[in-house]
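J.: Need coordinates for the following:
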Amino acid sequence: MNGNERQLPQLTDRLEWNLVRRQLYEGQEVVSGARRRISYYIPPQTFLIDSNVIAIGMKNDRAPASWYLGGWATQRLSFTPSSTSEFQPSVVANRRSLRLGVLNLWILPKLDRPWFLEVQIPRWHQRMLVEIWRYDGIDIDQFQRFNDLEVQIESFADAFDGGV
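T.: Numbering: from 1, shown residues only. I've put the predicted structure just below:
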């Protein structure tokens, strides 16, 4: 079997993606300091995810073209190393910033159980449309393992044929 016969993960196949959430969040106005600086508070949003490939879009139609940061995404795993730990049973596994105005593709290590995605929006955004998609298609890690196994089998066959 050559690599062209095996089905590749089709990230561009729209049927393999499922919408987790699409929602517009409005910040609550917060005034602070003697100079009465105004910021906006949108609480962090948490979503249960059961895929290791996600796309997160952050869109603010009121943002100036020079704004780059849409927010931050954090992968949280629901466990603690010990029942005597002083911390909540929520371990931060990965974190990344999210660009504004585009879908951000995030490929994470494969887990055997669902995990929590936390999305935080900076205080300077008064409103934000958040769109989260999960990829449910072919397992990318499995595809790589098949390729590695195929190379091992071919090298074993070549060694066996050469020894005869």
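J.: what's near enough to touch Tyr41?
T.: 27-28, 30, 123 (CB atoms under 8 Å, 6 or more residues apart in numbering). In short, each C-beta sits where N, CA and C put it, glycine included.
J.: So which of those residues wins on neighbours?
T.: Comparing those on neighbour count, Gly27 comes out first with 18 neighbours (neighbours: other CB atoms under 10 Å).
J.: coming back round to it: pipe the contacts of Tyr41 into TSV and attach pLDDT, secondary structure and distance to Glu131 per row.
T.: Putting the contacts of Tyr41 into TSV (pLDDT from 0 to 100; DSSP: H, G, I helix; E, B strand; the rest coil; distance: CB to CB, whole Å) gives the following:
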residue	pLDDT	secondary structure	distance to Glu131
Gly27	94	coil	18
Gln28	94	strand	22
Val30	92	strand	25
Arg123	95	coil	21
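J.: Can you tell me which of those is nearest Ser155?
T.: Taking CB to CB as the measure, Ser155 sits nearest to Arg123 out of the contacts of Tyr41, at 55.8 Å.
J.: mind checking the backbone torsions on the closest one?
T.: With angles defined as degrees, to the nearest 10, Arg123 sits at phi -70, psi -10.
J.: returning to that earlier point: which single one of the contacts of Tyr41 is nearest to Leu48?
T.: Out of these, the member with the shortest distance to Leu48 (by CB to CB) is Gly27, at 23.9 Å.
J.: Next one: the closest residue to the closest one other than its chain neighbours from Ser51, what distance?
T.: Here the nearest residue to Gly27 in space, its sequence neighbours aside, is Tyr40; by CB to CB, 6 or more residues apart in numbering that works out to 2.8 Å. Taken as CB to CB, to the nearest Å, the spacing of Tyr40 relative to Ser51 amounts to 30 Å.
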